[in-house]
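Colleague: model the structure of this input:
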Amino acid sequence: MIFASSWAGRIAFILALPLAAQVNVLTWQYDNSRAGANLNETILTPATVNQQQFGKLFSHPVDGYVYAQPLYLAGITIPASGIHNIVYVATEHDSAYAFDADSNAGSNANPLWHVNFLNAAAGVTTVPAFDVGCSQIEPELGITSTPVIDPASGTLYVVAMTKETSGGAASYVQRLHALDLTTGAEKSSSPVVVQASFPGNGEGGSSVVFAAKNYKQRPGLLLLNGIVYTAWSSHCDIGTYHGWLIGYDAHSLQQVTIYNNTPNGNEGSFWASGAAPAADASGNIYLVAGNGTFDAPSGGPDLGESYIKLSSANGLAVADYFTPFNFGGLNRQDLDVGSSGVALLPDEAGNSAHPHLMVGAGKEGRIYLLDRDNLGKWQSASDSQIVQSVPNAIEGLFGNPAYFNKTVYFCGSGDNLKAFPVSNATMATTPASKSQVGFGFPGCVPAISANGASNGILWVLDPAGVLRAYDATKLETELYDSNQNRTRDTLGSYVKFSVPTIVNGKVYAGTQNSLAVFGLLPGAGASLSVTNAASGQQNFAAPGSIVSIYGSGLAQSTATASAYPLPTTLAGAAVMVNTLTAPLFLVSPGQINAQIPFETLPGAATVTVKSTAGNVVGSAGLTIQNAAPGLFLEDGNHAAAINQDGTINATGQPAAAGSVIAVYLTGLGTVSNALATGSAAPSSPLSPVTASVTASIGGQAAQVLFAGLAPGFAGLYQVNILVPQVPSGDSTLQVSAGNVSSNSAIISVH
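Modeller: Here you go, the predicted model:
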């Protein structure tokens with residue numbers, strides 16, 4: 001048998017699992033599907049989001065417009081400041097900030113760190129809008145796109161544009177920066193100047209060359225398989241330009257790949273109103289090009305006005321495309337499809353003929369439902385070769401649609417917010433519901449918060465400068481808007497194409513001069529939410545398992561346990577399960593991770609959060625059962641698992657059939673060789689679970705070699721499984737204890 005304690009270099013990975021239940025937002029619209037949904041929100045519900053219980057909590061001032069979506073990372077240790085949940089913000093004044101995500105009181109009134117890429121004394125400034133002859137972004141250009149975070153390396157990637165004057169001559173520079181998440185300091189090899197050329201019909205018949213002044217880095221960054229991708233758009237469609245996608249090694253920042261979509265022509269900008277390129281589990285990248293040259297039917301390389309699928313397996317190569325039948329008219333009337341990106345839909349929306357769908361729309365207001373396995377290319381008379389084309393469905397779309405529970409949401413310019421059901425690879429041609437209010441130019445970019453398939457809320461930033469929340473099941477029901485109590489909740493100002501970030505009970509919205517933070521109001525009386533820390537299942541737990549408790553004002557600050565046995569008080573907070581004190585892994589104002597005492601008896605229980613002064617902060621009911629297994633996840637829906645060779649199981653690091661993997665769970669219940677709650681499990685003798693444990697991979701029974709507490713940890717269980725002979729690729733893993741099944745997760749096998 002294999003055990004985590006014997007694997008050098010993997011302890012940090014395992015140790016992080018009990019603390020990893022809090023949701024992080026690392027990229028534009030939550031993940032690379034760009035479907036705009038956080039499905040792990042347990043605090044904000046349709047019952048609690050109203051003007052009595054929900055509102056503006058505080059704001060952080062910033063030095064410029066915030067076009068970028070705020071990003072979020074929990075439990076980060078800042079030198080000389082301790083542990084914080086952090087929200088990262090970038091501005092057009094070429095600044096990047098790290099703020100405490102839960103408070104602006106005391107020392108948190110100041111940024112945890114702030115870096116600025118300007119140096120006026122050396123002639124380094126932002127780029128005035130006048131210099132590029134375009135007023136789309138005013139008054140200055142600096143950082144426009146949403147950065148991306150790599151938590152494994154502790155890096156925030158951001159692209160900044162500067163004007164640099166020396167001896168009276170000005171140059172314009174685009175740089176990719178790799179910043180330390182804890183300090184803002186440049187990583188080694190950072191920054192790198194963005195330069196590129198691509199074979200094509202440039203001036204004099206030479207290659208086309210990337211001219212920094214002609215471009216803005218508008219779409220959000222994409223981090224995929226160790227490469228940071230930057231996509232590029234023009235300034236007001238002026239002059240000669242192209243759509244570029246340029247990739248950099250995330251560690252060295254060396255340029256590793258380039259794609260240009262109109263090398264023999266012109267235009268074809270990648271802008272998408274800020275939407276980041278989408279990517280699937282196979283490493284394919286999806287972009288949408290604006291007005292531009294299109295010559296693919298005659299064998300040319302130019303793909304303006306097109307949906308483009310790129311393979312990234314060996315550099316960037318066109319794998320497929322779709323171009324609307326009326327691309328010429330779209331070009332002439334400036335009705336490009338490139339005003340929006342795409343949302344990749346889960347398989348539940350498709351059917352056996354079209355299991356992998358994506359959806360998008362452009363300025364024309366026609367919705368395209370596309371098969372990612374066969375985009376359809378181009379035909380002259382109609383779009384009948386694609387899954388579905390729905391004309392006149394919405395007004396022009398800027399940004400992206402969102403997806404939740406077999407419904408696609410659109411918010412067109414000058415239109416109402418609309419919900420279109422989609423199932424069996426067919427989308428309704430009329431909306432099932434729509435908002436009562438309309439949205440002026442440029443419409444809005446919807447974002448969803450939900451707890452799995454329940455408690456769906458759709459959030460938007462109205463161009464009128466209002467944060468709005470709707471019941472996602474019925475858009476006619478507006479739950480909240482920030483003008484209902486203007487004195488308390490006013491947003492202040494609005495930035496076009498911007499999208500709020502909803503995570504761990506709060507809503508973060510960038511404005512022209514601040515980051516506004518909304519959440520449940522102090523004393524709002526909202527009950528707590530208790531979930532399995534691994535699976536997110538609510539209201540059930542087993543003795544010895546790790547749970548996440550969500551609420552508001554749970555602790556004075558963010559703190560984590562530093563040693564075993566785990567403490568029972570942290571940052572002024574304590575947790576009781578009935579009359580038993582629960583050991584604590586992590587506490588913060590919005591979340592506590594605790595261990596259910598092994599002594600807790602099956603049946604109804606009450607979880608109570610108290611301050612160390614004895615005041616009750618909140619309580620919630622919980623059902624204790626003998627087993628309530630939950631698989632920890634790593635990188636989306638991939639199981640937290642270690643291969644027999646010591647590598648972390650991933651798509652690029654699969655386990656061999658016939659080898660043994662160790663997967664990590666909580667909630668397997670009581671063990672033999674019992675130990676005190678909060679204590680680290682010994683490696684000798686081991687502590688196997690008393691319940692019968694079974695597993696399946698890819699639908700096949702998989703032999704369980706060991707199931708018990710992971711040596712060296714509290715509340716964390718390890719199950720060693722012999723991988724059966726299943727097809728190479730990603731397979732579904734499920735573990736059961738005492739006939740109670742865990743959540744499903746992905747294991748990669750070869």
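Colleague: domain ranges for the protein?
Modeller: 4-17+629-749, 22-520, 529-624 (automatic domain parsing).
Colleague: could you save those as TSV and add columns showing mean neighbour count and mean pLDDT?
Modeller: Yep, even glycine has a C-beta here, placed from its N, CA and C like the rest. As requested, the domains of the chain are exported to TSV (neighbours: other C-beta atoms under 10 Å; pLDDT from 0 to 100):
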stretch	mean neighbour count	mean pLDDT
domain 4-17+629-749	19	88
domain 22-520	20	96
domain 529-624	21	90
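Colleague: got the contact list for stretch 469-478?
Modeller: Residues outside stretch 469-478 that contact it (C-beta atoms under 8 Å, 6 or more residues apart in numbering): 46, 49, 54, 404-405, 407, 409, 416-419, 433-437, 448, 450, 456-460, 468, 479-481.
Colleague: apply 7 Å and report the result again.
Modeller: The contact list for stretch 469-478 (C-beta atoms under 7 Å, 6 or more residues apart in numbering) reads 46, 49, 404, 417, 419, 433-436, 448, 450, 456-459, 468, 479-480.
Colleague: same deal with stretch 162-181?
Modeller: Contacts for stretch 162-181 (C-beta under 7 Å, 6+ apart): 73, 76, 94, 96, 115, 117-118, 123-127, 131, 149, 154-161, 185-187, 190-194, 212-213, 215, 217, 228, 230, 248, 253.
Colleague: among the residues you listed, which lie within helices?
Modeller: Using DSSP state H, no member of these falls within helices.
Colleague: which of these fall in strands?
Modeller: Under the assignment DSSP state E, those contribute 73, 76, 96, 115, 124-125, 127, 149, 155-161, 192-193, 215, 228, 230, 248 to strands.
Colleague: how far away from the center of its chain is the helix or strand containing Leu57?
Modeller: Assigned by DSSP states H and E, Leu57 belongs to strand 54-61. Relative to the chain's own centre, strand 54-61 is displaced by 22 Å; criterion: C-alpha atoms, centre = their mean, to the nearest Å.
Colleague: next: stretch 349-368.
Modeller: With C-alpha atoms, centre = their mean, you get 21 Å for stretch 349-368.
Colleague: and that stretch, C-alpha only, in PDB?
Modeller: What follows is stretch 349-368, C-alpha atoms only, in PDB (Å, rounded to 0.1, in the frame of the first residue of the first chain):
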ATOM      1  CA  ALA A 349     -27.300  20.800 -22.600                       C
ATOM      2  CA  GLY A 350     -26.500  18.500 -25.600                       C
ATOM      3  CA  ASN A 351     -27.500  15.100 -26.900                       C
ATOM      4  CA  SER A 352     -25.700  12.100 -28.400                       C
ATOM      5  CA  ALA A 353     -25.300  13.700 -31.800                       C
ATOM      6  CA  HIS A 354     -24.100  17.000 -30.300                       C
ATOM      7  CA  PRO A 355     -22.700  16.400 -26.800                       C
ATOM      8  CA  HIS A 356     -20.300  19.400 -26.800                       C
ATOM      9  CA  LEU A 357     -21.900  22.700 -27.400                       C
ATOM     10  CA  MET A 358     -21.000  26.400 -27.200                       C
ATOM     11  CA  VAL A 359     -23.100  29.500 -27.600                       C
ATOM     12  CA  GLY A 360     -22.500  33.000 -28.700                       C
ATOM     13  CA  ALA A 361     -23.900  36.100 -30.400                       C
ATOM     14  CA  GLY A 362     -22.800  39.300 -31.900                       C
ATOM     15  CA  LYS A 363     -24.000  42.800 -32.800                       C
ATOM     16  CA  GLU A 364     -26.600  41.500 -35.200                       C
ATOM     17  CA  GLY A 365     -28.500  39.800 -32.300                       C
ATOM     18  CA  ARG A 366     -28.500  36.400 -33.900                       C
ATOM     19  CA  ILE A 367     -27.700  33.500 -31.400                       C
ATOM     20  CA  TYR A 368     -25.400  30.700 -32.600                       C
END
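Colleague: so who does the residue nearest to Ser423 when sequence neighbours are not counted touch?
Modeller: Among residues not flanking Ser423 along the chain, Lys406 sits closest, at 4.9 Å (C-beta to C-beta, 6 or more residues apart in numbering). By C-beta under 7 Å, 6+ apart, Lys406 lies in contact with Glu348, Ala349, Pro421, Val422, Ser423.
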